[in-house]
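1. sequence first, predicted coordinates after that:
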Amino acid sequence: MKHSHQLLVMFAFVVALTGAAFDLADAMPRSPTLHQQIIVKAKDRMGFPPPDPAGTVSTPLTRESVQAEMDAELKAKFDEATKHSNQMLTEKGAVDAGWGFLADHFAEIDRDRDGYLRFEEVSVFMDARSPLQKATAKSGGKPVQIVE
């Protein structure tokens, strides 16, 4: 009998707490929280990029223009990493420059096994890994449409 009395008291306590929780929830404002407001505002602002400044001439995105941009970025990064080493990159130099990908594949890239990478070696390695190059080769030189 004592056990059932304790269960009854606990049940009444849980019911009272549940009712209090619902009363508290009803008293809370229904407006969005600050975090929700910020997220909505960030989402609203991120819908479209800002317009280009007046007079901006855009280069059309073609395979050639994108490849030229990628080659220029690769050359600039290589030049920065080798600015104190006569355009020769060591494995340690790749790590120091934050270029872990080259450090990880150093032995593959260093075809002449001299312990240094020249830009031509890096460029050939990167071109060989390009999915666009492989797709073009398979298609017999015909243009390849990439669908994302």
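-> Now that the structure is in, tell me what you want to look at.

2. quote the end-to-end distance of stretch 49-58.
-> 14 Å (CA to CA, to the nearest Å).

3. so for that stretch, mean pLDDT?
-> Mean per-residue pLDDT for stretch 49-58: 86.

4. where does this protein dip in pLDDT?
-> 1-3, 5, 7-9, 11-32, 35-47, 132-148 (pLDDT under 70).

5. can you give me the helices in it?
-> 2-27, 34-45, 63-81, 91-96, 100-104, 106-109, 119-129, 131-138 (DSSP state H).

6. ok, Glu121 - contacts?
-> Counting by CB atoms under 8 Å, 6 or more residues apart in numbering, Glu121 touches Ile109, Asp110, Arg111, Asp112. In short, each C-beta sits where N, CA and C put it, glycine included.

7. the nearest residue to Asp52 once chain neighbours are set aside: neighbouring residues, count only.
-> Nearest non-adjacent residue to Asp52, counting by CB to CB, 6 or more residues apart in numbering: Ser58, 6.9 Å away. Ser58 sits with 6 neighbouring residues when counted by other CB atoms under 10 Å.

8. do you know how far Ser58 is from Ala107?
-> Distance, Ser58 to Ala107, using CB to CB, to the nearest Å: 41 Å.

9. and Glu120, by the same measure?
-> Distance of Glu120 to Ala107, given as CB to CB: 17 Å.

10. is it correct that the residue nearest to Asp52 is in contact with Ser65?
-> No - at 10.3 Å, Ser58 does not count as touching Ser65 under the criterion of CB atoms under 8 Å.

11. shared neighbours of those two, anything?
-> In contact with both Ser58 and Ser65: no residue, using CB under 8 Å, 6+ apart.

12. identify the residues contacting Leu117.
-> Met88, Leu89, Thr90, Ala94, Leu102, Phe106, Ile109, Asp110.

13. do that again at 6 Å, thanks
-> Leu89, Ile109, Asp110 (CB atoms under 6 Å, 6 or more residues apart in numbering).

14. next, count neighbours for Lys92.
-> So Lys92, with other CB under 10 Å, has 10 neighbours.

15. quickly note the distance from it to Gly115.
-> To Gly115, Lys92 is 10 Å away according to CB to CB.

16. can you report how many residues lie near Glu69?
-> 12.

17. and what of Asp110?
-> Around Asp110 there are 20 other residues, counting by other CB under 10 Å.
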